[in-house]
Structure formats: C-alpha cells, structure tokens
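Undergrad: Everything below, folded, please.
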Amino acid sequence: MSKWTIVLIFVACAALSWGTYVPLVHIAAQKLHSNLRAFLFVGVAYFLVAVLIPAFFIFVLGKDPTVKGVPNFDAGPIAWGILAGTAGAIGALCVIFAVTTGGKGAAIYVAPLVFAGAPIVNTIATITVFHPTKTLPDVRFFMGLALAAAGAAMVMIYKPVDKPHAVPAAVDQVVEPATNDAGTT
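TA: Next up, the predicted model:
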C-alpha cells in the first residue's frame, strides 16, 4: 500500500468523523439544552480518545508506534501540543455556538462554512508563518482555495430555509351600507 493511499484513508476517516461532528454536537446541545454541557461532553470524549489511548500505549505498554527520533516531554513541544489542542477546543466551542445560534437547520450550512474556511486559513498560516515556502504553490492550488471560498459563499447564499407561511387568502366580506339614525343610507 502506497504512502498516499494511507494518507487518503486517514483523510477519509477525518472527513467522516468531522463531517458527522457538527450534526451530532448540534443534537447533543439541543437535547442537553445547553451549549456548554454539549462542549463538556465533547471534552470527555477528547479525554477518552486523546488522553487514555496514548497514555495506555506510552505508559502501560511502554511502546509508542509513532515515535520518530528520540521521544521527549520537553516544555517546548508540550506547549505546541497544548496550543494545538486549545485551537481545536476553541474551534469545537465555536461550532457548537454557531449551530445553536443559527437555529433549526443551521448544522447543514455551518459545517460547509467551517470546512471551506479552515483549509484557506490553514494554507495561509502554513505558507506564511509555520512553514514558510521559498516558492509559492502553483496558481492552480490557489484556484482550488478560491473555489472553496466560492463554495462557502454559495452555501450562505443558497442555504436551505423554511418557506414562510402562506398569507391567508382574503375572506370575501359582505359590507353593509352605512346607515344613519333614521335607518336610511
């Protein structure tokens, strides 16, 4: 199996997980009647998956199948990991508030906006701050980002909305002619 096949399998798994995250967290927030309670249980899930599983491999089995080089727990790398987790947690909280503030049906357009905007921010941050490139990617790469931005715009312009209720048809009313005290018109 080639490296790119494995990469695409992980990408598909992430897309499946994150693609279902928004509607699932929206349901949780609705049923818990609280954004913060939904976020609390997202945190519990992160703890179960992101803390217990690696801790089991590292401390119980004494193996880390992902080690490249000499593993360490130095302050600098730990700070980067905490910063990454904080960015992810803030993003998750913002998604929760976006879908619940948007009302019924917001999950259908919040996710495309987030997942169209995130690659654009990622690309700009990566090539300018985190891993500056000596040469810019091919113009077609940036055209793909422009298409993502156009897709996000189209999602907002054409997002599904409930149709307004129909205005009731006018009822034909019989209007009596006005009369005076003498009973004449």
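Undergrad: going forward, measure contacts and count neighbours with C-alpha atoms only.
TA: Fine.
Undergrad: Determine the longest helix present in the chain.
TA: In the chain, with assignment by DSSP state H, the single longest helix is helix 3-32.
Undergrad: Residue 22 against residue 109, yeah?
TA: No: if you go by C-alpha atoms under 8 Å, residue 22 and residue 109 don't touch, sitting 9.8 Å apart.
Undergrad: and these two? which has more neighbours close in?
TA: In terms of neighbours (other C-alpha atoms under 10 Å), residue 22 is the more surrounded of residue 22 and residue 109; the figures are 24 against 19.
Undergrad: Please name the residues that touch that one.
TA: By C-alpha atoms under 8 Å, 6 or more residues apart in numbering, residue 22 lies in contact with 95-96, 99, 107, 110-111.
Undergrad: Can you give the domain ranges for this structure?
TA: For the chain, the structural domains run 1-65+79-101, 107-161, going by automatic domain parsing.
Undergrad: ok, back up a step: list the buried residues of the longest helix of the chain.
TA: 21-23, 25-30 (16 or more other C-alpha atoms under 10 Å).
Undergrad: Out of the domains of the chain, which is closest to residue 73?
TA: Between residue 73 and the domains of the chain, the shortest separation by C-alpha to C-alpha is 10.0 Å, and it involves domain 1-65+79-101.
Undergrad: now that closest one: mean pLDDT?
TA: The pLDDT scores in domain 1-65+79-101 average 93.
Undergrad: how about the helices of the chain, start to end?
TA: Using DSSP H, helices in the chain cover 3-32, 35-46, 53-55, 75-101, 107-125, 139-157.
Undergrad: Output the ones you listed in a markdown table, with distance to residue 65 appended to each entry.
TA: Shown next, in a markdown table, are the helices of the chain (distance: least, C-alpha to C-alpha, whole Å):
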| stretch | distance to residue 65 |
| --- | --- |
| helix 3-32 | 16 |
| helix 35-46 | 20 |
| helix 53-55 | 10 |
| helix 75-101 | 18 |
| helix 107-125 | 27 |
| helix 139-157 | 33 |
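Undergrad: Out of those, which is closest to residue 163?
TA: Among these, if distance is taken as C-alpha to C-alpha, the winner is helix 139-157, at 15.0 Å.
Undergrad: who does the closest one touch, helix- and strand-wise?
TA: On a contact count with 3 or more C-alpha pairs under 8 Å, 6 or more residues apart in numbering; DSSP states H and E, helix 139-157 meets helix 107-125.
Undergrad: Not counting the helix it packs on itself, show me its contacts.
TA: In contact with helix 107-125 (C-alpha under 8 Å, 6+ apart) are residues 19, 22-23, 26, 95, 98-99, 145, 148-149, 151-152, 155-156, 159.
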